[in-house]
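Asks: Just a sequence and a predicted model for now, questions to come.
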Amino acid sequence: MIVISCEQGATQTTGYFMYFGGCAYEFRTCEDENWICHVESAERLIKEIKPSLFLFEDVKQYTGNSKGFVNYHFRNVVKAGGAVEYVCHKLGVSKYGIVNAHEWRTQEKAKRGEIPGLFRKREWYFKDKKISVHEKDALILFYMWCQRNKKPWPWIS
């Protein structure tokens, strides 16, 4: 099963984690201030990789806390998220939104080094490869999906 996990930035940086099965994986990043470029990046990646599943951060977590205030960044994340969901639908790729992707318990596990393969020195690393914060968050989305769906974490130490 090929999975793409996406931590949407939509106004700066989007991190991707691709899982190809076994212990095969890859990270990618899209950096642009225009949310449409982030959608086009996701569409190109989906067409190239042909995943079975596309994971994304579902922004439902913010709607109850916004108290009527929605900033430019939030609007672009919502637009990009909807557009990427449509791309998945159009290309026949299953999609799964992870609500509360920045759940403090999972972020704390990462900081304590309790997610096998992921660790922090001064910066974040996965399996001895330096990764960005956005790539780390995309990896955490995949980790949360594995946990919630009782899938084994491929990098058990």
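Replies: It's in. Numbering: from 1, shown residues only.
Asks: Name the residues of the helix ranked longest in the chain that are buried.
Replies: Scanning the chain for the longest helix, with DSSP state H as the assignment, gives helix 72-91. Buried positions in helix 72-91, judged by neighbour count with 16 or more other CB atoms under 10 Å: 74, 76-78, 80-81, 83-85, 87-88. All C-beta atoms are positioned from the backbone trio N, CA, C, and that covers glycine.
Asks: Following that helix in sequence, what is the next regular element?
Replies: strand 94-99 (DSSP states H and E).
Asks: For Glu108, grab the count of nearby residues.
Replies: Residues within reach of Glu108, counting by other CB atoms under 10 Å, total 10.
Asks: returning to what we had before: give the other helices and strands that the longest helix of the chain contacts.
Replies: Packing contacts for helix 72-91, counted by 3 or more CB pairs under 8 Å, 6 or more residues apart in numbering; DSSP states H and E, involve helix 35-49, strand 53-58, strand 94-99.
Asks: Report all helices and strands that the first one contacts.
Replies: When contacts are defined as 3+ CB pairs under 8 Å, 6+ apart, helix 35-49 sits against strand 3-7, strand 13-21, strand 24-31, helix 72-91.
Asks: out of the ones you listed, nearest to Trp153?
Replies: strand 13-21 (10.6 Å; CB to CB).
Asks: what's that closest one packed up against?
Replies: Using 3+ CB pairs under 8 Å, 6+ apart: strand 13-21 touches strand 3-7, strand 24-31, helix 35-49, helix 133-148.
Asks: Pick the most deeply packed of these.
Replies: strand 3-7 (a mean of 28; mean count of other CB atoms under 10 Å).
Asks: For it, give the mean pLDDT please.
Replies: The average pLDDT within strand 3-7 is 94.
Asks: Okay, now the sheet partners of it, with direction.
Replies: Sheet pairing of strand 3-7 (DSSP bridges) gives strand 13-21 (antiparallel), strand 53-58 (parallel).
Asks: just to revisit the earlier point, okay, the helices and strands packed on strand 13-21 in a markdown table with distance to Asp58 next?
Replies: Compiled in a markdown table, those are given as follows (distance: least, CB to CB, whole Å):
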| stretch | distance to Asp58 |
| --- | --- |
| strand 3-7 | 11 |
| strand 24-31 | 19 |
| helix 35-49 | 15 |
| helix 133-148 | 10 |
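Asks: For Gln107, which of those is the nearest?
Replies: Comparison of these against Gln107 by CB to CB identifies helix 133-148 as nearest, at 7.2 Å.
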